[in-house]
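[1] Predicted structure and sequence below. I'll ask about it afterward.
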Amino acid sequence: MSKIIVVGAGHAGCEAAFAIAKMGVHCVLVTGSLKNIATLPCNPSIGGPAKGNIVREIDSLGGMMGKIADQSALQVKMLNKSKGPAVQSLRMQVDKEKYPKLMADALEKKPNIAMIEGYVTGLIIENKQVLGVLLENKEIVFANAVIICTGTYLNSSILIGNEKIISGPDSQRTTFELSKQLKELNLDVIRLKTGTPPRIFGKTIDFTKTTIQPGDKVHDKFSNDKNSLILNDLPCYLTHTTARTHEIIINNLHKSAMFSGNISGLGPRYCPSIEDKIYRFKEKLTHQVFLEPETSECREYYLQGLSTSMPRNLQKDIIHSVPGLEKAVFSKDGYAIEYDAVNPICLFANLETKNIKNLFLAGQINGTSGYEEAAGQGLMAGINAVLKIKNQAPFILRRDEAYIGVLIDDLITKGTKEPYRLLTSRAEFRLLLRHENNDERLLQYGYDFGLINQARYDEFIKNKEQVNSLIKSCENFNLYPNQATNDRLTSLNLPLINKKTNLLAIIKTPEFQNDTLKHFIHNFDDDVINKGIIKIKYDGYIKKAYAMADKLRKNERIKISPDFDYQSIHNLSSEAREKLMKIRPSTLGQASRIIGVNPPDLLLIAIKLRIKND
């Protein structure tokens with residue numbers, strides 16, 4: 001019987017395990033603690049700009065993150081609602097105790113998954129192919145493929161001021177042997193850093209000095225499965241740092257682990273510590289601090305915006321200088337964590353390592369930050385590991401198909417030297433990667449791989465037909481310039497007409513709102529109306545984006561062999577030759593996205609490929 005080992009049961013490991021099991025292959029999930037599955041050691045939220053789109057994509061491909069987030073939701077918010085659909089994204093506060101429990105329960109019940117509590121100390125490798133893993137208790141577990149999803153637990157240290165504690169997140173054990181072996185296998189092991197703010201007890205917060213931040217009144221959800229949302233609907237709160245906060249930090253900057261020289265790894269550019277923000281943006285007099293409940297009981301609050309590695313006593317001074325937190329009592333100190341990761345340019349697009357056959361890496365070990373990026377990689381690694389051992393073609397998502405495609409392509413093409421965070425601005429085809437069209441883009445793949453059940457697929461087909469029916473109904477609906485029509489348009493705050501006008505033209509006006517459609521067309525639910533109106537309103541832009549994507553896709557169809565001889569192209573720039581030989585792009589399109597490879601270099605490669613193909 002075929003078997004795949006997944007090392008680590010964080011968000012990447014869980015998604016990989018479920019994908020493997022659903023595709024009919026036995027999965028052995030190895031984790032250091034069965035009580036530490038799918039934990040949320042940093043922010044108690046799922047989603048956000050671009051990240052929320054990834055969660056929706058995971059759901060369309062049959063993954064679990066969206067369903068579990070919906071079932072443990074504390075607050076739901078659609079971000080950027082005042083802007084266009086290309087940048088709208090869902091963010092959900094989740095119960096950090098309930099979310100891991102639900103995920104662990106689902107793993108326990110899933111056939112084809114066996115869980116082992118233990119630590120992997122080495123990989124069994126012969127002839128540059130992984131054959132299994134060696135456990136700390138000296139047991140060897142053999143398998144057809146291995147997926148490493150160890151997150152921030154490789155050679156990790158907690159840093160608070162001058163303190164250095166050898167530990168993983170949440171006081172869990174770190175491991176050393178695996179990253180040492182990865183170095184010996186000539187993988188580019190790098191040192192990265194991230195951090196987290198203090199947690200405080202809710203009963204010690206003076207909420208009268210803060211601004212309430214309620215969730216949406218109309219609730220969206222991550223999963224398109226019916227009845228998936230179970231919501232407590234709790235508010236968050238907003239406060240700000242003060243001049244006193246900034247004074248404490250500036251006067252003690254040298255005591256921060258970040259600035260004292262204790263940290264060698266690079267931190268996340270887009271999620272800096274409070275001391276880093278105050279140092280880099282001296283002109284800003286205040287910074288926002290969001291108080292977010294960690295559980296439905298609101299015992300503890302996460303201080304979004306106050307990540308710090310200051311000494312413990314100074315952390316208290318900093319927090320007590322913030323309005324509403326003057327008497328706050330800590331439940332946990334903030335800290336920075338430094339850990340080993342692997343520069344992902346050593347991976348193929350299916351997340352398999354180039355050096356070792358059937359060895360896959362997924363999640364924060366690939367230099368990413370965030371639960372969502374990890375889960376998306378885990379799902380893709382699980383699918384591709386199964387395809388690899390079945391001798392089937394890899395599953396590669398394009399940049400115009402999914403944010404997951406953007407994420408993986410960025411990682412394997414550009415690599416990273418700091419924790420990578422996915423942003424909407426990284427996706428050149430973000431209008432095609434909208435929040436509401438994830439099923440349209442990806443569910444067929446999930447169904448074909450056996451990750452989506454028949455009932456969900458049938459519902460998708462029905463919904464798709466209804467959207468097409470709605471658009472057809474609008475195409476066939478004409479308005480005529482008479483008093484009754486213009487009175488109706490006036491009552492709906494729509495522009496008047498002086499000639500026969502199709503409803504499609506009315507819908508494309510800025511004044512037209514989704515609810516307005518029900519005054520013209522009936523018998524369609526809100527989800528169908530939302531999807532239909534976006535297709536109508538942005539029809540021209542969407543067609544242009546598809547045309548551009550199709551044009552660029554031509555280069556993706558031009559394959560480059562892994563052993564392509566770049567040395568034989570005499571006029572290739574030295575930088576381009578060096579980068580190309582290191583990354584070994586699989587297509588001309590991927591080569592075009594390598595930093596340092598310019599249009600003249602691409603032309604030379606294309607000419608060489610044509611000569612070779614002839």
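    Sure thing, it's come through.
[2] use CA for all of it now, contacts and neighbours both
    Fine.
[3] Now residue 39. Nearest residue, chain neighbours left out?
    residue 100 (5.4 Å; Cα to Cα, 6 or more residues apart in numbering).
[4] From residue 299, how far off is that neighbour?
    Taking Cα to Cα, to the nearest Å as the measure, residue 100 falls 18 Å from residue 299.
[5] quick one, which of those two is more surrounded?
    residue 100 (22 against 15; other Cα atoms under 10 Å).
[6] right, and the more buried one touches residue 38 too?
    Yes - with contacts counted by Cα atoms under 8 Å, residue 100 reaches residue 38, the gap being 5.0 Å.
[7] How about the contacts made by residue 169?
    Residues near residue 169 by Cα atoms under 8 Å, 6 or more residues apart in numbering: 41, 152, 153, 158, 337.
[8] List the buried residues of stretch 380-400.
    380-388, 394-400 (16 or more other Cα atoms under 10 Å).
[9] if we can go back for a sec, let me see the contact set for the residue nearest to residue 39.
    Contact partners of residue 100, counting by Cα under 8 Å, 6+ apart, are 36, 37, 38, 39, 40.
[10] Checking the second one next. Helix, strand or coil?
    In this case it means residue 37. Following DSSP: H, G, I helix; E, B strand; the rest coil, residue 37 is assigned to coil.
[11] What count of nearby residues applies to it?
    When neighbours are counted by other Cα under 10 Å, residue 37 comes out with 23.
[12] Over to the last one?
    A total of 23 residues lie near residue 40 under the criterion other Cα under 10 Å.
[13] element containing the nearest residue to it once chain neighbours are set aside?
    Excluding its sequence neighbours, the residue lying closest to residue 40 (Cα to Cα, 6+ apart) is residue 96, at 6.0 Å. Using DSSP states H and E, residue 96 is not contained in any helix or strand.
[14] same check, this time on the one 3 residues further on
    Using DSSP H and E, the secondary-structure element containing residue 99 is helix 98-109.
[15] what do you get for residue 522?
    According to DSSP H and E, residue 522 maps onto no helix or strand at all.
[16] Phi, psi for it please.
    The phi/psi pair for residue 522 (degrees, to the nearest 10) reads phi -120, psi 170.
[17] what sits against the nearest residue to residue 341 once chain neighbours are set aside?
    In this structure, residue 341 finds its nearest non-sequential neighbour in residue 365, 4.5 Å apart by Cα to Cα, 6+ apart. The contact partners of residue 365, by Cα under 8 Å, 6+ apart, come to 148, 149, 150, 151, 152, 340, 341, 342.
[18] now those in CSV, with secondary structure, pLDDT and distance to residue 48?
    Below are those laid out as CSV (DSSP: H, G, I helix; E, B strand; the rest coil; pLDDT from 0 to 100; distance: Cα to Cα, whole Å):
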residue, secondary structure, pLDDT, distance to residue 48
148, strand, 98, 26
149, coil, 98, 23
150, coil, 97, 24
151, coil, 95, 20
152, coil, 95, 21
340, strand, 96, 26
341, strand, 97, 24
342, strand, 97, 25
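[19] Out of these, the closest to residue 439 would be?
    Nearest to residue 439 among those: residue 149, at 26.5 Å, using Cα to Cα.
[20] my guess is the closest one meets residue 14, correct?
    No - using Cα under 8 Å, residue 149 makes no contact with residue 14, being 9.1 Å away.
[21] Would you mind measuring from residue 273 to residue 510?
    40 Å.
[22] out of these two, which sits in the busier spot?
    For residue 273 versus residue 510, the count of surrounding residues by other Cα under 10 Å is larger for residue 273: 25 against 10.
[23] May I see the buried residues of the worst-scoring helix or strand of the chain on mean pLDDT?
    Least confident helix or strand of the chain, by mean pLDDT, DSSP states H and E, is helix 257-260 with a mean of 75. Under the neighbour-count criterion of 16+ other Cα under 10 Å, helix 257-260 has 257, 258, 259 buried.
[24] With stretch 88-105 instead?
    Residues of stretch 88-105 classed as buried: 88-96, 98-104 (neighbour count, 16+ other Cα under 10 Å).
[25] mind checking the end-to-end distance for that stretch?
    Start-to-end, stretch 88-105 (Cα to Cα) is 32 Å.
[26] and that stretch, how far from the chain's centre?
    Remark: stretch 88-105 is offset 14 Å from the chain centroid, using Cα atoms, centre = their mean, to the nearest Å.
[27] if I pick residue 216, what's in contact with it?
    Counting by Cα under 8 Å, 6+ apart, residue 216 has contacts 75, 76, 77, 78.
[28] Just the ones of those residues in strands?
    In strands, defined here by DSSP state E, the members of those are 75, 76, 77, 78.
[29] Of those residues, which is the most crowded?
    residue 76 (30 neighbours).
[30] Contacts only, for that one.
    90, 91, 92, 93, 215, 216, 219, 220, 221, 233 are the contacts of residue 76 under Cα under 8 Å, 6+ apart.
[31] which of those residues lies closest to residue 284?
    Closest to residue 284 out of the contacts of residue 76 is residue 91 (26.3 Å), distances taken as Cα to Cα.
[32] Tell me how far the closest one lies from residue 74.
    11 Å.
[33] and if you look at residue 408?
    Residue 408 sits at a distance of 30 Å from residue 74 (criterion: Cα to Cα).
[34] And for residue 502?
    Taking Cα to Cα, one finds residue 502 at 43 Å from residue 74.
[35] what do you get for residue 555?
    Distance from residue 555 to residue 74, by Cα to Cα: 45 Å.
[36] quick one: the strands in the stretch 401-550 of the chain?
    Using DSSP state E, counting those that start in this stretch, the strands of the stretch 401-550 of the chain run over 478-479, 501-502.
[37] Can you list the neighbours in contact with the last one?
    Contacts of strand 501-502 with the rest of the structure, by Cα under 8 Å, 6+ apart, involve 474, 475, 476, 477, 478, 479, 480.
[38] Beta-bridge partners for residue 163, please?
    Beta-bridge partners of residue 163, counted by DSSP bridges, are residue 160.
[39] Show me the shaky parts of the stretch 301-450 of the chain.
    Applying pLDDT under 70 to the stretch 301-450 of the chain flags no residue at all.
[40] Equivalent analysis for the stretch 151-300 of the chain, please.
    260-270.
[41] For it, which segments count as strands?
    Taking DSSP E, counting those that start in this stretch as the criterion, the stretch 151-300 of the chain carries its strands at 157-160, 163-166, 189-196, 199-201, 211-213, 236-240, 288-293, 300-304.
[42] Can you say which of these is packed in most?
    Of the strands of the stretch 151-300 of the chain, the one with the most neighbours on average (mean count of other Cα atoms under 10 Å) is strand 157-160, at a mean of 26.
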